[in-house]
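Visitor: Need a 3D model of the sequence below.
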Amino acid sequence: MNKSILVILTSAFVPIVSFAQFNTIGDVASRPSIKTIKNPSEQTVAPKDSVLPSDTASAEIPDRMEEKEERLRTYLSVSFPLKKIQINSKFGMRMHPVYHKYIMHNGIDLHARHEDVLSMLPGKVLRVGYDSRSGKYVTVQTANYTVSYCHLSEQYVKTNDYLHAGEPLGLTGNTGASTGEHLHLTTKKDGKAFDPTILLNYVKNNK
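Guide: Sure thing, here's the model as predicted:
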């Protein structure tokens, strides 16, 4: 189970590269299209059917390669959700501290004290909301995976924003069904929850 999730996590990044290029936050200034027509004798770029090399084209190739590599490094990166990881409550059945019932804990609780929460993976903000159980939360989607960050005191993002890995999305807090400040993480694949420590280990091995 764990190995299959890690394999699918790795392969999930492939479509993200193209997806992310069209969803990055920020204003893009529109630039007028300027085309200079040269005298035929001044042409420096060889025509398509010429056997001569194009100096202009060859000069652009290294720059484009470097740009693509930098883009890949950005979109294939991963991050821990907090600067320091300390698990206070594990994934699985437990006695709930608020409801006082033995129920499933579908995530993990991380120790936190008024600090920025970072997106673990690059992806689109699927939901920003509040409910009585999770408090203020942010859910980020990466391919067929979602990561929910719960019990926040502040939410920095809005629905449909695009986040890079390591980008702040909120501030830890104690909202919802919580007895003290912490960060609750819920990770899902195709809508089904799995142990977030699998993702934490993936980050540890690939960061």
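Visitor: and for stretch 87-105, what are the contacting residues?
Guide: 106-111, 177-179, 182, 195-197 (CB atoms under 8 Å, 6 or more residues apart in numbering). In short, each C-beta sits where N, CA and C put it, glycine included.
Visitor: Could you give me the buried positions within it?
Guide: Residues 89, 91, 105 are the ones in stretch 87-105 that count as buried (16 or more other CB atoms under 10 Å).
Visitor: how near is the first one to D161?
Guide: Distance of S89 to D161, given as CB to CB, to the nearest Å: 29 Å.
Visitor: helix/strand/coil for N201?
Guide: Three-state call for N201 (DSSP: H, G, I helix; E, B strand; the rest coil): helix.
Visitor: taking the buried residues of stretch 87-105 one by one, which sit in helices?
Guide: Here DSSP state H is the test, and the buried residues of stretch 87-105 give no hits in helices at all.
Visitor: and of these, the nearest to E66?
Guide: F91 (41.3 Å; CB to CB).
Visitor: Return the per-residue confidence for the closest one.
Guide: pLDDT, F91: 94.
Visitor: same question, the one 5 residues further on
Guide: As predicted, H96 sits at a pLDDT of 80.
Visitor: how far away is the nearest residue to D116 once chain neighbours are set aside from R113?
Guide: Closest residue in space to D116, ignoring its immediate chain neighbours: P168 at 4.2 Å, by CB to CB, 6 or more residues apart in numbering. Note on P168: its distance to R113, by CB to CB, is 16 Å.
Visitor: who's more crowded, those two?
Guide: P168 (14 against 9; other CB atoms under 10 Å).
Visitor: buried set for the lengthiest strand in the chain?
Guide: Ranked by residue count and defined by DSSP state E, the top strand of the chain is strand 145-155. Within strand 145-155, the residues that qualify as buried are 145-152, 155, counting by 16+ other CB under 10 Å.
Visitor: Among those residues, which one lies nearest to L118?
Guide: Within these, distances to L118 taken as CB to CB reach their minimum at Y149, with 9.0 Å.
Visitor: Please name the residues that touch that closest one.
Guide: 81, 117, 137-140, 169-170, 183-185.
Visitor: Looking at those residues, which are in helices?
Guide: Reading helices off the contacts of Y149, I find no matches (DSSP H).
Visitor: Just send those back as TSV, with pLDDT too.
Guide: Output for the contacts of Y149, formatted as TSV (pLDDT from 0 to 100):
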residue	pLDDT
P81	98
V117	99
Y137	99
V138	99
T139	99
V140	98
L169	99
G170	99
L183	98
H184	97
L185	98
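Visitor: I'm done for today, thanks for sticking with me.
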